[in-house]
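K.L.:
sequence-free structure coming up:
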C-alpha cells in the first residue's frame, strides 16, 4: 500500500547532492512511457539506454518532479540530483510503498545454478509450517496462492517494492526469492534487509556482463556484506563449492553461519539413495536427523533440498514441515520436466544453459537410466544464447557431448547474432567429446529430429530454454515453448495425445 507524501518525504534516506521544490507526489516510475500527471520520474542509466534522455518526455506526460544522477536544468520543476540513480530508485520506491520489506522476513538465494528449485523448496517448507509466503524467481512470482508472470529473476527496485507491498497487504510474513548477480551489481535490492542469504555455487556464466569470474564472484559477495543494509543475519553456504569456501572467509559479520553439502557441512545427507522416482536420505542437522523423501530427481536436487532445508531451519521451520515441504514439491516448471505421450522413451525439458548445468543434467539422466535398467541412450538437444559470453560455448558443447550418446546442436535464443555463428562456436567442444552429433539451426526441427532418433528406453533431453515461452531472434520475440514443441513432435511421430508435463517418474 502506497503512502501519501510530498517530494521531500519521498527523498527520505536518498543520497542527494542538491534538491529543489516540494510538490505532492502521486506516483513514481523510471519509464517515461508510464509516467502520469503528478508523478516523479527517476532517471536511471540502464543497460541499453540512459533515462536522462527521457526527462522531457516524462515532463510532457505530467511529471512534477525529476530525480537524476545528472543535474536536470529544469527551473520550473522540482528536482533532486542523486549520487546513484538505482540506489535512489530503491529508496524512493521503498518510501512510497511504506517500506514493505521491513515488514517481511526475507530469505534470498544466489548462485549460478539451483536458485529456482531451492527457492521453490523453501517456499514449500515455509507453507508447510503454516506461514503465508511470497516467492520471487525466474519462473514466476507468487503472493500466497496468486501467481504472477516473472519478467526478471529479480525485479527492478520499483517492481520489487510493489510486490513486497502486495505481499504485506495479502498477509504474507515471509519471502523466498532468487537474487541474481545482475540485481546485486545494479543494486536493485539496495536497502532490502535480508534475514537469510543462501549461496548455492558459482560456475561460468554471465561473463558477457561481468567479464571475469572474479567480477562475477565479487557481485555475489555484495549480498552477504549487505547492500545498503546490515549483512543478513544468517548465511547458508555450500562448502562443496570452491567459491563457497572463499565466501566463508568473508562472512564474518553474520550472527549465524551455516554450511551445507552432500557429504559434509552443518547440514548434509546420510544414507543417500538416488532412486528412479526421487531421492531419499536422512538430513543431518546440528540438532537431529530428519528423514527426507523428495520426488525431485538426481544428485543435483539433493544439494537444492539441503540448501532449502538449512534456510528453513534458519527461519525456525519445524523438522516435520521441512520434510513435508520437500515431499510436496513434485515439479518446478522447466526443471527436469517430463513430456509424456505414452511413448516408449522419456522426453525431458530443462533450463540447463551453462556447461556445469549440462553436466548435471546429463548426470541426472544417466542416473535415471541406471535406476530403470536396460541399455538406454542419452540424446541431447542444446544451443547457446546469442549476445552472451562466447567463451562458454565450446565448454557447453563438450559438456553436452561427454554426457550424451547423440547430440543435436541447434539454436537457443540467438538474439542479434547469426544462429550458425553461435553453433560454430560450440562445435569445437562438441567435436572434442567424440560424441555422434548433427547440426540443425531450426530448433523446432531439432526437437523433432531428436525424438525421431529415440528408441525404446532412451531419454531425450531438450536443454536451454526450460520454462521460457518465446524464442528471441534478430527480428524480436516469437512464441516458442519447448514443452509444446515436444508434444507436437511426439504427436507427429505417431504417439498419443500427450498428457500435461510432469516431473519424471519411472
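P.N.:
Nice, thanks for sending it over. Everything numeric here is computed off the predicted structure, so don't read it as measured data. Numbers count the residues shown, from 1 in each chain.

K.L.:
and the helix ranked longest in the chain, what other elements does it pack with?
P.N.:
Secondary structure of the chain per DSSP state H: the longest helix is helix 355-372. Under the contact criterion of 3 or more CB pairs under 8 Å, 6 or more residues apart in numbering; DSSP states H and E, helix 355-372 touches strand 268-275, helix 299-314, strand 346-350, strand 378-382, helix 392-403, strand 459-463. Where C-beta positions appear, they are placed from N, C-alpha and C, glycine not excepted.

K.L.:
quick one: which of the ones you listed is nearest residue 242?
P.N.:
Within those, the stretch nearest residue 242 is helix 299-314; the backing value is 14.5 Å (CB to CB).

K.L.:
pLDDT of the next helix or strand after the closest one, averaged?
P.N.:
Toward the C-terminal end, the helix or strand that comes next after helix 299-314 (DSSP states H and E) is helix 319-328. Across helix 319-328, pLDDT averages out at 98.

K.L.:
ditto for stretch 373-383
P.N.:
Mean per-residue pLDDT for stretch 373-383: 94.

K.L.:
about what we covered before: now do the longest helix of the chain: distance to the chain's middle.
P.N.:
The chain centroid and the centroid of helix 355-372 are separated by 21 Å under CA atoms, centre = their mean, to the nearest Å.

K.L.:
so what's the residue nearest to the spatial centre of the chain up against?
P.N.:
In the chain, the residue lying closest to the centroid (CA atoms, centre = their mean) is residue 138, at 4.0 Å. Residue 138 makes contact with 115-116, 150, 153, 178, 351, 467, according to CB atoms under 8 Å, 6 or more residues apart in numbering.

K.L.:
how close does residue 299 sit to residue 368?
P.N.:
11 Å (CB to CB, to the nearest Å).

K.L.:
and the two? Which one has more around it.
P.N.:
A side-by-side neighbour count of residue 299 and residue 368, using other CB atoms under 10 Å, places residue 368 first with 24 against 15.

K.L.:
wait, the more buried one touches residue 459, no?
P.N.:
Yes: applying CB atoms under 8 Å as the test, residue 368 and residue 459 come out as touching, 6.3 Å apart.

K.L.:
now for these two: what residues contact both?
P.N.:
Shared contacts of residue 368 and residue 459 (CB under 8 Å, 6+ apart): residue 346.

K.L.:
re earlier: so among the contacts of residue 138, where is pLDDT lowest?
P.N.:
Of all the contacts of residue 138, residue 153 carries the smallest pLDDT score, 83.

K.L.:
ok, residue 492 to residue 451 distance?
P.N.:
Taken as CB to CB, the span from residue 492 to residue 451 is 8 Å.

K.L.:
and residue 343, by the same measure?
P.N.:
Distance of residue 343 to residue 451, computed by CB to CB: 8 Å.

K.L.:
which parts of the stretch 151-300 of the chain are strands?
P.N.:
174-178, 194-199, 234-238, 256-260, 268-275, 278-284, 289-294 (DSSP state E, counting those that start in this stretch).

K.L.:
let's have those strands in TSV, adding mean neighbour count and distance to residue 246.
P.N.:
Compiled in TSV, these are given as follows (neighbours: other CB atoms under 10 Å; distance: least, CB to CB, whole Å):
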stretch	mean neighbour count	distance to residue 246
strand 174-178	27	21
strand 194-199	26	10
strand 234-238	27	10
strand 256-260	20	13
strand 268-275	16	20
strand 278-284	20	24
strand 289-294	18	28
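
K.L.:
please identify the buried residues of stretch 180-191?
P.N.:
For stretch 180-191, burial by neighbour count (16 or more other CB atoms under 10 Å) applies to 180-191.

K.L.:
could you dump the residues you listed to a markdown table with distance to residue 21 and pLDDT?
P.N.:
Shown next, in a markdown table, are the buried residues of stretch 180-191 (distance: CB to CB, whole Å; pLDDT from 0 to 100):
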| residue | distance to residue 21 | pLDDT |
| --- | --- | --- |
| 180 | 36 | 89 |
| 181 | 37 | 84 |
| 182 | 33 | 85 |
| 183 | 31 | 88 |
| 184 | 33 | 90 |
| 185 | 32 | 89 |
| 186 | 28 | 88 |
| 187 | 26 | 89 |
| 188 | 27 | 92 |
| 189 | 29 | 95 |
| 190 | 25 | 95 |
| 191 | 24 | 96 |
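
K.L.:
okay, now the unreliable bits of the stretch 251-400 of the chain?
P.N.:
For the stretch 251-400 of the chain, applying pLDDT under 70 flags no range at all.

K.L.:
and residue 19, that one's in a strand?
P.N.:
Yes: applying DSSP: H, G, I helix; E, B strand; the rest coil, one finds residue 19 inside a strand.

K.L.:
give me the nearest residue to it, chain neighbours excluded.
P.N.:
With CB to CB, 6 or more residues apart in numbering as the criterion, residue 19 has its nearest non-adjacent residue at 4.4 Å, and that residue is residue 80.

K.L.:
what strand or helix carries the one you found?
P.N.:
Going by DSSP H and E, residue 80 is part of strand 78-82.

K.L.:
which helices and strands does that strand pack with?
P.N.:
strand 16-20, strand 65-68.

K.L.:
check contacts around the spatially closest residue to residue 353 that is not a sequence neighbour.
P.N.:
Spatial nearest neighbour of residue 353, excluding adjacent residues (CB to CB, 6+ apart): residue 464 at 4.9 Å. Residues in contact with residue 464, defined by CB under 8 Å, 6+ apart, are 351-353, 382-385, 412, 482.

K.L.:
can you pull the pLDDT of residue 464?
P.N.:
We have a pLDDT of 96 for residue 464.

K.L.:
I'd like to know how far it sits from residue 168.
P.N.:
Separation of residue 464 from residue 168 (CB to CB): 37 Å.

K.L.:
how about the helices and strands packed on strand 78-82, which one is nearest residue 26?
P.N.:
Checked against CB to CB, the stretch from the helices and strands packed on strand 78-82 lying closest is strand 65-68, at 10.4 Å.

K.L.:
helices or strands next to the closest one in the packing?
P.N.:
Using 3+ CB pairs under 8 Å, 6+ apart, strand 65-68 sits against strand 39-43, helix 55-60, strand 78-82, helix 85-96.

K.L.:
got the contact list for the nearest residue to residue 69 once chain neighbours are set aside?
P.N.:
Nearest residue to residue 69, sequence neighbours excluded (CB to CB, 6+ apart): residue 85, at 4.5 Å. By CB under 8 Å, 6+ apart, residue 85 lies in contact with 42-45, 51, 67-69.

K.L.:
which among the strands of the stretch 151-300 of the chain is found nearest to residue 400?
P.N.:
strand 268-275 (21.7 Å).

K.L.:
understood, closing this out.
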